[in-house]
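Asks: Got a predicted structure here, sequence first:
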Amino acid sequence: MRRGTRLAGPALVAIVFATAGGRAVIAAPGIDPTARYDIDDLLRRHASDLSNLPTQAAAQGRPVTFSVDLAGTFTTNAGASHDPNAAVDTAYVTPAFSVDVTPVTLSGWNVGGGAQFDADYYSGSYNNRFGEARAEGFAFADRPVGPGTLTTEAIYLGTFNNDYTNHQFNLWIGDLDYGFKLGPVNTDVAAEYQGSEIPELRRTRVSTTFAYTVPGKALGYELTLEADAAWSHFDAGADNGRNDVTAAAIMIASKKLENGWSLDWEGAYVNRGSNRELSRFDALELMGEIGKRF
C-alpha cells in the first residue's frame, strides 16, 4: 500500500520572507521544502502515485475506497542538511487517512482521483522542529498508448504544521507520465511543473523510475528493488537558475494480510546534488508500515 509514509523526515518549514537585492527570498531554518517533495516523490510516497491506488477489480464494485496507515521511520538526516556534521538522526511516526475514487472508463480513458491527509510526529524535542502535515488531492486520466500507459494528472499539495493550525505553502502541479515494461523492469518517465504562491518553489521536474520485482516470494513477502532519479530546474525568485539532481536506491518488502491489511518494510538511500550548496544532502531511511483498505 505504502500510502501514509513520508520517508524524508524533513522539517516543519518556517517560511520567513526577507529582502535581498529588492527580491523576496525564503529563509528556512529547517530545510528547503523542495527536499521534502523530492524524497517523497522518488520513494513513491505521494497519494498521487497511481501505483498506490486500488484497481477496479480490487475495489470490488465500490465507487469509493478508504485506507488508514501507520508508519514508523528512522532517518539519519531528518532536516535534509547539506552538512553531515549537522545531520539529525531520529525516529518518527506518520498516521494517514486516504480516500480514493475507483477509476471509471470514459472514451477510452480511465478517470479517477483521491485525497490523503497525514502528519509526522517526531520523537523527543524534534517534533516542533521537523513535524509536518500534508493535504493532497488529485485527479487523473490514463489510457494504453503503444507498449505502455500514458497518464495525465492535476495535483494540489498543501503543507501545514503537524496539527494543521498553521498553513505553510501550496503546490499546484501538472504531471504527464508514461509507464511501460522493459524486460523484467517496470519503467516510468514523468515530466511535471510545480506552481506556488512562493516564487522560489516554482520549477520544472523530469523523473524516471526503474523497478524490478523479484520472482516468487520470500517468507510471504514480495520484494522489489528500485532506482529513481529526478532533475529539477527552478525558474523564479532567488532560486532562478538553480538545478538539482536527486537519486534514490530503494528495497521494499510487501505482504498482503487478511481482511484488507498490508505490511511493508523499506530501506532507502537518497542523495541530492545541486549547483546550490545548501540544497545538497543525503540520507538513509528505514521504515515499517501497516495499513488497511476498506
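Replies: Done, it's in.

Asks: which SS state does the residue lying closest to D118 once chain neighbours are set aside fall under?
Replies: What sits nearest to D118 in space, not counting adjacent residues and going by Cβ to Cβ, 6 or more residues apart in numbering, is A96, at 3.6 Å. The way it works is simple: take the backbone N, C-alpha and C, and place the C-beta from them, glycine included. Three-state assignment for A96 (DSSP: H, G, I helix; E, B strand; the rest coil): strand.

Asks: Tell me how many other residues crowd A96.
Replies: Using other Cβ atoms under 10 Å, A96 has 23 neighbouring residues.

Asks: Would you agree it is in contact with D69?
Replies: Yes - look at A96 against D69 with Cβ atoms under 8 Å: they come within range, at 4.6 Å.

Asks: check contacts around M251.
Replies: 223-226, 266-268 (Cβ atoms under 8 Å, 6 or more residues apart in numbering).

Asks: for R203, that is, sorry about that
Replies: Contacts of R203 (Cβ under 8 Å, 6+ apart): 34, 193-194, 232-235, 239.

Asks: Restricted to strands, list the residues you listed.
Replies: 193-194, 232-234 (DSSP state E).

Asks: I'd like to know which of those are buried.
Replies: Among the ones in strands among the contacts of R203, those scoring as buried are 194, 232, 234 (criterion: 16 or more other Cβ atoms under 10 Å).

Asks: Surely the first one touches D175?
Replies: Just to be clear, that refers to Q194. No - counting by Cβ under 8 Å, Q194 stays clear of D175, with 9.3 Å between them.

Asks: about what we covered before: could I get the contacts of M251 in TSV, plus columns for secondary structure?
Replies: Formatted as TSV, the contacts of M251 follow (three-state DSSP):
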residue	secondary structure
L223	strand
T224	strand
L225	strand
E226	strand
E266	strand
G267	strand
A268	strand
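
Asks: pLDDT-wise, which helix or strand of the chain ranks last?
Replies: Lowest mean confidence among the helices and strands of the chain (mean pLDDT, DSSP states H and E): strand 16-20, at a mean of 31.

Asks: Among the contacts of R203, which one lies nearest to V111?
Replies: Y193 (21.3 Å; Cβ to Cβ).

Asks: can you point me to the longest helix in this protein?
Replies: helix 33-42 (DSSP state H).

Asks: May I have the beta-bridge partners of the nearest residue to D282 once chain neighbours are set aside?
Replies: The shortest distance from D282 to any non-neighbouring residue, by Cβ to Cβ, 6+ apart, is to N271 (4.2 Å). N271 has these beta-bridge partners by DSSP bridges: A247, D282.

Asks: Looks like N271 contacts A247 (just checking).
Replies: Yes - taking Cβ under 8 Å as the definition, N271 is a contact partner of A247 at 5.5 Å.

Asks: more crowded one of those two?
Replies: A247 (17 against 14).

Asks: The more buried one and D282 touch, don't they?
Replies: No - contact criterion Cβ under 8 Å: A247 and D282 do not qualify, at 9.6 Å.

Asks: what do these two both touch?
Replies: Common neighbours of A247 and D282 (Cβ under 8 Å, 6+ apart) are 270-272.
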